[in-house]
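1. Prediction below, plus the sequence it came from.
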Amino acid sequence: MKWPAAVPTLAVLILAFAMPAAAEEALEFSADATSDGARFALADMAAVSRNNALDFWFAEADFNGDDRLDVLAFAMDSYFCGSGGCSPRLYVASKKGWKEINFYGLGRPANWSLLDATDHGYRRVVYREGDTDYLFGFTGEYYDDMD
């Protein structure tokens, strides 16, 4: 039997739409810094900014697949924020304690998600502002905008 020319194209389209999209984990932000990671991040950001009364928000998730909760933190303070938003800080958990990984991006503590895709062992991060998605990847040394 001879198939019409459109059948292979249709099969490719069906497969493309049937394949699952990359998994995405929305980050839930809180101001209740009771975990070890959140307390460490808050203390570090307070020391750096010399402000012990920060408006502090954080989300915990495993950024690097080691089954430890890492912390993406925001402090609503002029030291960390400007006209384009606030710069988050990423604190990665290890057996030895916490390590800050520079995160070059701006936003606010909402609409951040982790993707399954990784760069150098760390999950990609997406920030949504209105109709725009900002994708961040790990360079091996820091997170930066992938655009």
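-> Looks like it arrived, so ask away.
2. give me the low-pLDDT residue ranges for the chain?
-> 1-22 (pLDDT under 70).
3. Try it again at 50.
-> Low-confidence segments of the chain (pLDDT under 50): 1, 3, 7-20.
4. the helices in it, which residues?
-> Taking DSSP state H as the criterion, the chain carries its helices at 6-18, 36-49.
5. hang on, isn't Gly105 packed against Ser87?
-> Yes. Under the criterion of CB atoms under 8 Å, Gly105 makes contact with Ser87 at 6.9 Å. Heads up, the C-betas are built off the backbone N, CA and C, glycines and all.
6. Excluding sequence neighbours, find me the nearest residue to the spatially most central residue of the chain.
-> In the chain, the residue lying closest to the centroid (CA atoms, centre = their mean) is Val125, at 3.7 Å. Nearest-residue entry for Val125: Phe136, 4.4 Å, with adjacent residues in sequence omitted and distances by CB to CB, 6 or more residues apart in numbering.
7. and the one you found, how many neighbours?
-> 26 (other CB atoms under 10 Å).
8. Assess the claim that it and Phe103 are in contact.
-> Yes. Phe136 is in contact with Phe103 according to CB under 8 Å; the separation is 7.2 Å.
9. residues shared between the contacts of these two?
-> Common contacts of Phe136 and Phe103, defined by CB atoms under 8 Å, 6 or more residues apart in numbering, comprise Tyr143.
10. Show me where this protein has its strands.
-> Assigned by DSSP state E, the strands in the chain fall at 24-26, 56-61, 70-75, 81-82, 85-86, 89-94, 97-101, 103-104, 112-119, 122-129, 132-138, 143-145.
11. Most tightly packed of those strands?
-> strand 70-75 (a mean of 26; mean count of other CB atoms under 10 Å).
12. Within its sheet, name the partner strands of that strand and how each one runs.
-> strand 56-61 (antiparallel), strand 89-94 (antiparallel) (DSSP bridges).
13. tell me how far it is from the chain's mean position?
-> Centroid displacement of strand 70-75 relative to its chain, using CA atoms, centre = their mean, to the nearest Å, is 9 Å.
14. and that strand with strand 97-101, angle?
-> Computed by axes from the mean of the first three to the mean of the last three CA atoms, to 10 degrees, the angle separating strand 70-75 from strand 97-101 equals 60 degrees.
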